[in-house]
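A.B. asks: Can you look at this prediction? I've put the sequence above it.
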Amino acid sequence: MSVNVGILGGTGAVGQRFIQLLDGHPEFELTTITASDASAGKAYREAAKWRIDSPIPEYVGDIEVRATDPSDVPDDVDLLFSSLPSGVAADVEPKFTEAGYVVSSNSSNSRMADDVPLVIPEVNADHLNLIEVQRDERGWDGALVKNPNCSTITMVPTLAALDNFGLERVHVSTLQAVSGAGYDGVTSMEIIDNVIPHIGGEEDKMVTEPKKLLGSFDGSEIVQHDVDVAASCNRVPTLDGHLENVWAETAEEITKASAEAAFAEATTLDLPSAPDPLIEVFEDPDRPQPRLDRTIGDGMQIAVGGVQETPAGIQYNCLAHNTIRGAAGASVLNGELLVEDGWV
């Protein structure tokens, strides 16, 4: 089955990553790209300043960019991926869902809205059932589904693997790549020979999003997990790949061996972009490293290493590619799940 898909905001950094991931996809055929009014009407190769380390697919370069408006998107588009800035997306995405489109969005707006599924397919696929509540409450025929923040995506699959031990408290310190801020987000004078120990809004996302992701859907709402999370977020001079130091406290006794086994046995899915295994466990204490390990599993795996026992639980390091697993790849995987479960 071929599903026609489009990208909202396709000229930016995440939009370009969407294009790279959708090229040759076994289920999705990219037919539509939207951008700002300044880009609308131009061929994609003229509208986008391409920054991905592979060429623009020939057929994509020829696509005429459309305005980001439901009236300018063909009716035969079955699924839209959104990489719009959150301020724009907050206004635009509901217009598309009201028009009947299903939107799998990487934008940060509405992630914590009560009726919007926030999904990592291997962790909480059943949360898609919240779409029925969303449609009833908002009166639209489409659907809006979100993937979480890139740093949250790196950590939460590992926490889900540990939840059988009675997850109680988590402390995390992140070392986040500059690509997470977008191409113009961090200047070279700020980050070279430096670490910036604050990323605006990031710590709040890491504190709140895991509770929703690890929660349960009771048929009408998400009952949030009661885990307590504390986060310190730091920007470091790596290009791609968010590395995180995690301390997890559990109600039940947990050992290095039992934690590593839980990571290695984490649930994966039979979807085109789903990695197998979901979590790659390194015995070498100095792994994972961004430059060496961010592209494992085509950038969709979570890497874990440095597992150690602590008086209250376990400590470990985890890593994921922030613009693949943490952004465009996460939305594509959510799109595959939407198709698999019959929402598209």
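C.D. replies: Received, thanks. Only a predicted model underlies this, so the values are computations on that prediction, with no experimental measurement involved.

A.B. asks: pLDDT weak spots in the protein?
C.D. replies: Scanning the chain for pLDDT under 70 picks out nothing.

A.B. asks: what about the strands in it?
C.D. replies: 3-8, 28-35, 66-67, 79-82, 102-105, 143-146, 167-176, 216-217, 222-223, 228-235, 242-250, 279-281, 302-310, 313-320 (DSSP state E).

A.B. asks: List the buried residues for the first one?
C.D. replies: Residues 3, 5-8 are the ones in strand 3-8 that count as buried (16 or more other C-beta atoms under 10 Å). Placement of C-beta: from N, CA and C, glycine included.

A.B. asks: cool, the second one as well?
C.D. replies: By neighbour count, with 16+ other C-beta under 10 Å as the criterion, the buried positions of strand 28-35 are 28, 30-35.

A.B. asks: and the two most separated of the residues you listed?
C.D. replies: Within those, F28 and A35 form the most distant pair, 19.2 Å apart (C-beta to C-beta).

A.B. asks: re the thing from before, need the buried residues of strand 3-8 in TSV with distance to T238, can you?
C.D. replies: Output for the buried residues of strand 3-8, formatted as TSV (distance: C-beta to C-beta, whole Å):
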residue	distance to T238
V3	35
V5	31
G6	32
I7	26
L8	28
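
A.B. asks: Name the nearest of the residues you listed relative to F217.
C.D. replies: Looking across those and measuring by C-beta to C-beta, the closest to F217 is V3, at 25.0 Å.

A.B. asks: hey, what's the closest one bridged with?
C.D. replies: Residues in a beta bridge with V3, per DSSP bridges, are F28.

A.B. asks: contacting residues around it?
C.D. replies: 27-29, 78-79, 339, 344 (C-beta atoms under 8 Å, 6 or more residues apart in numbering).

A.B. asks: What of S107?
C.D. replies: 82-86, 89-90, 93, 146.

A.B. asks: again, but for N149
C.D. replies: 108, 111, 202, 205-206, 209, 326.

A.B. asks: Let me see the ranges of the helices in the stretch 151-300 of the chain.
C.D. replies: 188-191, 202-213, 256-264, 290-293 (DSSP state H, counting those that start in this stretch).

A.B. asks: Same list, these, but as TSV with mean neighbour count and distance to L167 please.
C.D. replies: As requested, the helices of the stretch 151-300 of the chain are exported to TSV (neighbours: other C-beta atoms under 10 Å; distance: least, C-beta to C-beta, whole Å):
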stretch	mean neighbour count	distance to L167
helix 188-191	12	33
helix 202-213	21	9
helix 256-264	17	11
helix 290-293	17	25
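
A.B. asks: Of all these, which one is nearest V178?
C.D. replies: Of the helices of the stretch 151-300 of the chain, nearest to V178 by C-beta to C-beta is helix 188-191, at 5.7 Å.

A.B. asks: Any chance you could list what contacts the closest one?
C.D. replies: Under C-beta under 8 Å, 6+ apart, the answer for helix 188-191 is 178, 196, 235-237.

A.B. asks: Report the distance from it to the chain centre.
C.D. replies: How far helix 188-191 lies from its chain's middle: 26 Å, per C-alpha atoms, centre = their mean, to the nearest Å.

A.B. asks: How many neighbouring residues does G139 have?
C.D. replies: G139 has 8 neighbours, counted by other C-beta atoms under 10 Å.

A.B. asks: Name the residues linked to the nearest residue to V246 once chain neighbours are set aside by a beta bridge.
C.D. replies: Once flanking residues are discounted, V246 sits nearest to V172: 4.9 Å by C-beta to C-beta, 6 or more residues apart in numbering. Applying DSSP bridges to V172 gives these bridge partners: A231, V246.

A.B. asks: V172 touches A231, doesn't it?
C.D. replies: Yes. In this structure, V172 is within contact of A231 by C-beta atoms under 8 Å, at 5.0 Å.
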